[in-house]
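> below is the structure, and that's it, no one-letter string:
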């Protein structure tokens, strides 16, 4: 609300779908506000106005919901406040219709700050959970990181909030949830629940995702004013990040049919274009998403915006029809008795027993960006119900090594039923290639265990240095029975992806032929520092191949290649095999991926400019930057800048620009894939990185090298 407190009526926002006489009024109303107070240092540190402002807005919302127009003075149509939670400028208040109040219990709230220093409340979330009849509902209101270019910061804020929001609901609430059918709560063994542990979770707020920078601000304004939304929706950052699985995994959102809700001149319906104000591209900053254990239990009836002029945002509202569990106690008792009779039928004095068709899994040689799955069948060979779960090894707290995950971690087998299949999956992706391989969850039948190995940059690095191997033991424990030990092994087919250029230049032969074991490597390679190359041979090969194919292709370095070709090109780089007739976009994708996934980026963070870059100092800053680059990094940097400048000679046909290439350089040469934890990003580090991008642009546009 932009720290405004105007008394403009809220009916057109909160009650627009209720009908003339409120006949369609919802059973639950949740209202989230952001920037309830100015987010200045005093308010963030002292939080001295938030309580007063939150009470003001709660009373305004309550008065609107219970106005004579909406409730007709009928107590059965009145709303009761269940819970309110505030954090600096954030407020979430949840109301329920009075007839349902008696069926609401276990109401809890939490707040998470992810702003300054990763913990202050200028950015963050407030959240409320409750049990409504026999379904659990969680509602979260958040304000994520700002600035059009800071997508990674917003993704990190979401991940931080999603992992930290927690409610200790108590043992009695857990027992009731389990009685209502939530086996997952039994598996955790604790009374704490997170956002994903609820039947229904709704997430709203100023998520701050913008329209991607490749569309100029003037064009975004023009398309927004004309309500020509198709291109803007296709380039909406939240849609892009969700489609890539980088944020709001598993959440759903309705179709955007309304104009972008930000940024307006406060008090008007005009996008902010005043000459004395900073020009910002309109965006759908304000969003509502949901996550359901059973997707068919949520239907969105409307998703639109209001034309209220309280702030520089237009408020958004969504109406949902949800299916709620209401357990009939008499029926539950009948089912319980039937189940107990069935279980008693199999009970005897013997211990539970299961048979595994094998207790050792050898995945053989696994490669970068490859997914391999092996099954293990588990059969109940005893006469009683066998409940199993995976447990940590002695003196450890995790079930397996960091590069592997297992799901599900528990199960139950009734005598005589079909065997359960345990699927062990090894997946090596961009991140995993740095340790060894990835393990990705697969959703099989209810009795399937999925073992997934994940190789990220850190893992690939310790694998390449010989400090880690792909070996682990998983313990499967039967309740009231014995333990079974499953050994998992794999061999990493060494790849140049995830290594450092300093090490790569020391090998003249293909990296696949270089042993992972440091002792064998020393015996076969031997110390020969004079044999070091100027740049890694893999980098030279891929750059030379792209140059030979021609740099005139449209959308060079930005269009995706073909997955199968990308895999084959990586194999050629790792084995030294000659390249086939591959498409140039597949080649460029491999080049960018190679540079982005080095274990340490070409430009260390220590060389980020400490001064604000301008026309007067860019020459000296650029010269100082080159002088401080480590030798091999200097060679690679000069080599790549020269190559990119060559590509700019064909800008008429490949549609590249120096600014676009500067961003690409910054992403693959400076930042890397794992160099920075986005949660630790500060305004200062973002500005320094922007200064680095200006230096890149300077090198691309001048003959400074």
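Looks like it came in fine. Computed from a predicted structure; not experimentally measured.
> residue contacts, the spatially most central residue of the chain?
The geometric centre of the chain, computed from its C-alpha atoms, lies nearest to residue 247 (CA atoms, centre = their mean), at 3.0 Å. Taking CB atoms under 8 Å, 6 or more residues apart in numbering as the criterion, residue 247 is in contact with 154-155, 158-159, 238, 241. For every residue, glycine as well, the C-beta is placed using N, CA and C.
> taking these one by one, which sit in strands?
Using DSSP state E, no member of the contacts of residue 247 falls within strands.
> about what we covered before: the residue nearest to the centre of the chain and residue 213, how far apart?
18 Å (CB to CB, to the nearest Å).
> do the same with residue 254
25 Å.
> beta partners for residue 127?
Beta-bridge pairing of residue 127, defined through DSSP bridges, involves residue 110, residue 140.
> that one contacts residue 194, doesn't it?
No. Residue 127 lies out of contact with residue 194 (CB atoms under 8 Å); the separation is 9.7 Å.
> in stretch 74-84, what counts as buried?
Taking 16 or more other CB atoms under 10 Å as the basis for neighbour counts, the residues of stretch 74-84 that come out buried are 77-80, 82-84.
> mean confidence score for that stretch?
Stretch 74-84 shows an average pLDDT of 92 in the prediction.
> how is residue 691 assigned, secondary-structure-wise?
Under the three-state scheme (DSSP: H, G, I helix; E, B strand; the rest coil), the conformation of residue 691 reads as helix.
> secondary structure class of residue 20, three-state.
At residue 20, secondary structure determined by three-state DSSP is coil.
> try residue 60
Here residue 60 is recorded as helix under three-state DSSP.
> how about residue 649, nearest residue that isn't a chain neighbour?
Among residues not flanking residue 649 along the chain, residue 551 sits closest, at 7.4 Å (CB to CB, 6 or more residues apart in numbering).
> which residues touch the one you found?
Contacts were defined as CB under 8 Å, 6+ apart; by that measure residue 551 touches 646-647, 649-650, 654.
> and residue 343, by the same measure?
Each residue near residue 343 by CB under 8 Å, 6+ apart is listed here: residue 385.
> for residue 386, see how far away it is.
For residue 343, the distance to residue 386 (CB to CB) stands at 12 Å.
> could you do residue 513 as well?
Here residue 513 is placed at a distance of 48 Å from residue 386 (CB to CB).
> looking at residue 127 and residue 194, which is more packed in?
Comparing residue 127 with residue 194 by neighbour count (other CB atoms under 10 Å), the higher total belongs to residue 127, at 26 against 18.
> where does the more buried one land on pLDDT?
The model reports residue 127 with a pLDDT of 97.
> please name the nearest non-neighbouring residue to residue 626.
For residue 626, the nearest residue in space outside its immediate sequence neighbours is residue 634; the separation is 6.8 Å by CB to CB, 6+ apart.
> surely that neighbour forms part of a helix?
Yes. Per three-state DSSP, residue 634 lies within a helix segment.
> I figured it hits residue 640, correct?
No. Using CB under 8 Å, residue 634 is not in contact with residue 640, being 11.1 Å away.
> and these two? Which one has more around it.
A side-by-side neighbour count of residue 634 and residue 640, using other CB under 10 Å, places residue 640 first with 21 against 17.
> list the buried residues for the helix or strand containing the more buried one?
When secondary structure is defined using DSSP states H and E, the element that contains residue 640 is helix 631-648. When burial is assessed from 16+ other CB under 10 Å, helix 631-648 yields the following buried residues: 632-641, 643-645, 647-648.
> any low-confidence regions in the stretch 451-600 of the chain?
Low-confidence segments of the stretch 451-600 of the chain, defined by pLDDT under 70, span residues 452-458, 523, 525-531.
> and for the stretch 301-450 of the chain?
Within the stretch 301-450 of the chain, the set of residues satisfying pLDDT under 70 comprises 345-350, 422-450.
> quick one: the strands in it?
Chain-ordered strands for the stretch 301-450 of the chain, with DSSP state E, counting those that start in this stretch as the definition, fall at 316-322, 354-356, 360-366, 371-380, 386-391, 404-407, 410-413, 420-428, 449-455.
> any idea how far the closest residue in space to residue 237 that isn't next to it in sequence is from residue 125?
If you skip the residues right next to it in sequence, residue 237 has residue 209 as its closest partner in space, 4.2 Å away by CB to CB, 6+ apart. Computed with CB to CB, the distance linking residue 209 and residue 125 is 15 Å.
> neighbour count winner among those two?
In terms of neighbours (other CB under 10 Å), residue 125 is the more surrounded of residue 209 and residue 125; the figures are 30 against 27.
> who are the neighbours in contact with the more buried one?
87, 90, 111-112, 114, 140-143, 161, 165, 205.
> let me have those in JSON lines, adding neighbour count, pLDDT and distance to residue 618 as columns.
Formatted as JSON lines, the entries for the contacts of residue 125 read as follows, by neighbours: other CB atoms under 10 Å; pLDDT from 0 to 100; distance: CB to CB, whole Å:
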{"residue": "87", "neighbour count": "27", "pLDDT": "92", "distance to residue 618": "41"}
{"residue": "90", "neighbour count": "28", "pLDDT": "94", "distance to residue 618": "40"}
{"residue": "111", "neighbour count": "19", "pLDDT": "95", "distance to residue 618": "43"}
{"residue": "112", "neighbour count": "22", "pLDDT": "95", "distance to residue 618": "40"}
{"residue": "114", "neighbour count": "26", "pLDDT": "90", "distance to residue 618": "34"}
{"residue": "140", "neighbour count": "24", "pLDDT": "98", "distance to residue 618": "44"}
{"residue": "141", "neighbour count": "28", "pLDDT": "97", "distance to residue 618": "43"}
{"residue": "142", "neighbour count": "29", "pLDDT": "97", "distance to residue 618": "38"}
{"residue": "143", "neighbour count": "28", "pLDDT": "96", "distance to residue 618": "35"}
{"residue": "161", "neighbour count": "25", "pLDDT": "96", "distance to residue 618": "38"}
{"residue": "165", "neighbour count": "24", "pLDDT": "96", "distance to residue 618": "44"}
{"residue": "205", "neighbour count": "25", "pLDDT": "96", "distance to residue 618": "39"}
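> need the phi and psi values for the residue nearest to residue 237.
Main-chain torsions, residue 209, degrees, to the nearest 10: phi -70, psi 140.
> go on, residue 81?
With angles defined as degrees, to the nearest 10, residue 81 shows backbone torsions of phi -70, psi 120.
> does it touch residue 92 like I think?
No. Applying CB under 8 Å, one finds residue 81 not in contact with residue 92, separated by 11.4 Å.
> what about residue 225, how many neighbours?
For residue 225, which is what you asked about, the neighbour count (other CB under 10 Å) is 14.
> what's the burial count for the closest residue to it other than its chain neighbours?
Closest residue to residue 225 in three dimensions, ignoring its sequence neighbours and counting by CB to CB, 6+ apart: residue 271, at 6.8 Å. Using other CB under 10 Å, the number of residues around residue 271 comes to 21.
> mind listing what residue 271 touches?
Taking CB under 8 Å, 6+ apart, we find residue 271 in contact with 221, 224-225, 263-265, 282.
> and the buried ones among these, selectable in PyMOL?
Isolation of the buried members of the contacts of residue 271 (16+ other CB under 10 Å) is achieved in PyMOL through the command below:
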select buried, resi 221+224+263+264+282
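> tell me which of the contacts of residue 271 is nearest to residue 372?
Compare each of the contacts of residue 271 with residue 372 using CB to CB and the shortest gap goes to residue 282, at 45.9 Å.
> quick one: contacts for the closest one?
Taking CB under 8 Å, 6+ apart as the contact definition, residue 282 lies against 211, 220-221, 224, 259-260, 262-263, 271.
> of these, which belong to helices?
220-221, 224 (DSSP state H).
> what's across from the closest residue to residue 313 other than its chain neighbours in the sheet?
Counting by CB to CB, 6+ apart, residue 313 lies nearest to residue 262, which is 5.0 Å off, once chain neighbours are set aside. Applying DSSP bridges to residue 262 yields these beta-bridge partners: residue 283, residue 313.
> next, count neighbours for residue 262.
Here the count is done by other CB under 10 Å, and residue 262 has 20 residues near it.
> same thing with the one 10 residues further on?
Other residues near residue 272 number 17, with proximity taken as other CB under 10 Å.
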